[in-house]
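**Q** One predicted model, sequence on top.
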Amino acid sequence: MSLFKNIFSSKKKETLDKGLEKTKSSFLSKLGKAVAGKSKVDDDVLDNLEEVLVTSDVGVETTLKIIDRIEARVSKNKYMGTDELQVILREEIAGLLSETNIGEEIEFSIPKDKKPYVIMVVGVNGAGKTTTIGKLAHQFKNQGLKVVLGAADTFRAAAIDQLQIWADRVDVPMVKQNMGSDPASVAFDTLSSAVTTNADVVIIDTAGRLHNKVNLMNELIKIKRVMDKVVTDAPHDVLLVLDGSTGQNAFEQAKQFTKATEVTSLAVTKLDGTAKGGVVIGISDQFQIPVKYIGVGEGIEDLQVFNKYEFVDSFFKI
């Protein structure tokens, strides 16, 4: 029986369980070895637990926070058994995620008072940016919302082509220009089109190169400034897409992009097929930016709204 309330539909929860299977198996295996032969949570167990969390890509700083919280509980209960450790870990990790994630959202929703609602998507090439945009468009369209995509990653012809494939697949309009065009001009045209056609949601793709942070920063500032001229306060959400399968490299990507622009939400992709799902916990904690979506499979329905209760439940599910 889950200690956390079930919020997702059973099908979505099954997908999440399956997507986090490798992470869970790896983590629980390490945890089992950390407490082997021990009946009480002592300094040795805590040292072993610290190593388990760090090697599970939770990150050093977040790991130390979790260990501090558990130490505080152990100091109040000197005879805390190792059989309780898993339950305590679940509670402390969920508590940590609560500080940056509301964790109650179950739908792909947008604020009703902003139309069109503009999402600017950033992230390195290969992180799953275009796929995330396509799956988001699919989810919004399924709710009866009118969606427009903007191909403002004009640095690579492949980026425009890939986004077009998703636009065709989901059957939503896409605004594009030729490769090498000014990305801000594409964003301007996209928002103008969205206003004219009374669209509900606009999703703008942007270039993912990080080799020159100054250029990236200037480009994103320009795109934002131009968008604000068409739709007040646009973009309303700057969504950073991170590849969860890269583990600690995802931390570095987050660090670079949060320096380059004001990121307001995160999507962590490719969590299926990797044992590095713990990175979601560390990224959420360290950057104090809410994780909005997670990718747990290749199917069009396999982008999920992140919910801390369900994530932690799947992470520890026996």
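**A** Right, received. Where do you want to start? What you are looking at is a predicted structure, and each value in this text was computed from that prediction instead of being measured.
**Q** C-alpha only now, for contacts and for neighbours.
**A** OK.
**Q** now residue 22, nearest residue through space, not along the chain?
**A** Leaving out its chain neighbours, the residue that sits closest to residue 22 by Cα to Cα, 6 or more residues apart in numbering is residue 275, at 4.8 Å.
**Q** and that neighbour, helix, strand or coil?
**A** Under DSSP: H, G, I helix; E, B strand; the rest coil, residue 275 falls in the coil class.
**Q** how about the helix or strand hosting residue 118: buried residues?
**A** Using DSSP states H and E, residue 118 falls within strand 117-122. Buried residues in strand 117-122, defined by neighbour count with 16 or more other Cα atoms under 10 Å: 117, 118, 119, 120, 121, 122.
**Q** ok, now how distant is the first one from residue 145?
**A** In this structure, residue 117 and residue 145 are 11 Å apart, going by Cα to Cα, to the nearest Å.
**Q** Can you work out which residues contact both of those two?
**A** Taking Cα atoms under 8 Å, 6 or more residues apart in numbering as the criterion, residue 117 and residue 145 both touch 200, 201.
**Q** before we move on, back to that, what lies in contact with the strand holding residue 118?
**A** Here strand 117-122 makes contact (Cα under 8 Å, 6+ apart) with 110-111, 129, 133, 200-208, 234-241, 257.
**Q** again with stretch 233-252
**A** Under Cα under 8 Å, 6+ apart, the answer for stretch 233-252 is 57, 59, 117-124, 126-129, 132, 224, 227-228, 253-254, 257, 262-271, 273-277, 279-280, 283.
**Q** Now the buried members of those.
**A** Among the contacts of stretch 233-252, the ones that count as buried by 16+ other Cα under 10 Å are 57, 59, 117-124, 127-129, 132, 224, 227-228, 253-254, 257, 263-271, 273-277, 279-280, 283.
**Q** What are the neighbouring residues in contact with residue 157?
**A** So residue 157 contacts residue 179 (Cα under 8 Å, 6+ apart).
**Q** Tell me where the protein has strands.
**A** Applying DSSP state E to the chain gives strands spanning 117-122, 147-151, 174-175, 201-205, 237-243, 265-269, 291-295, 303-305.
**Q** Adjacent strands (with direction) for the second one?
**A** The pairing partners recorded for strand 147-151 under DSSP bridges are strand 174-175 (parallel), strand 201-205 (parallel).
**Q** what's stretch 32-46 in contact with?
**A** Taking Cα under 8 Å, 6+ apart as the rule, stretch 32-46 contacts 48, 49, 52, 67, 71, 74, 79, 80, 81, 82, 83, 85.
**Q** cool, and stretch 10-20?
**A** Contact partners of stretch 10-20, identified using Cα under 8 Å, 6+ apart, comprise 271-275, 277, 296-297, 302, 304, 310-311, 314-315.
**Q** what's the lowest-pLDDT member of the residues you listed?
**A** When these are sorted by pLDDT, the bottom entry is residue 273 at 73.
**Q** that older thread, export the strands paired with strand 147-151 to TSV and tack on distance to residue 214?
**A** Shown next, in TSV, are the strands paired with strand 147-151 (distance: least, Cα to Cα, whole Å):
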stretch	distance to residue 214
strand 174-175	26
strand 201-205	19
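**Q** Would you mind listing where this protein has pLDDT under the threshold?
**A** By pLDDT under 70, the low-scoring segments of the chain are 1-9, 78, 100-106, 210-213, 318.
**Q** need the contact list for the spatially most central residue of it.
**A** Against the mean C-alpha coordinate of the chain, by Cα atoms, centre = their mean, the closest residue is residue 267 at 2.2 Å. For residue 267, the contacting residues are 239, 240, 241, 242, 291, 292, 293, 294, 295, by Cα under 8 Å, 6+ apart.
**Q** show me the contacts for the residue nearest to the fifth one when sequence neighbours are not counted.
**A** Counting by Cα to Cα, 6+ apart, residue 291 lies nearest to residue 266, which is 4.5 Å off, once chain neighbours are set aside. By Cα under 8 Å, 6+ apart, the contact set of residue 266 is 239, 240, 241, 242, 289, 290, 291, 292, 293.
**Q** Domain ranges for the chain, per the record?
**A** Domains of the chain are assigned by automatic domain parsing as 10-98, 117-307.
**Q** Pick the most deeply packed of those.
**A** Compared across the domains of the chain, domain 117-307 shows the largest average neighbour count, a mean of 20 (mean count of other Cα atoms under 10 Å).
**Q** where's it relative to the chain centroid, distance-wise?
**A** Taking Cα atoms, centre = their mean, to the nearest Å, one finds domain 117-307 lying 11 Å from the centre of the chain it belongs to.
**Q** From start to finish, how long is it in a straight line?
**A** End-to-end distance of domain 117-307: 22 Å, with Cα to Cα as the criterion.
**Q** Might one say that residue 160 is in contact with residue 154?
**A** Yes: assessed by Cα atoms under 8 Å, residue 160 is found in contact with residue 154 at 6.9 Å.
**Q** hey, what's in contact with both of the two?
**A** Joint contacts of residue 160 and residue 154 (Cα under 8 Å, 6+ apart) are residue 179.
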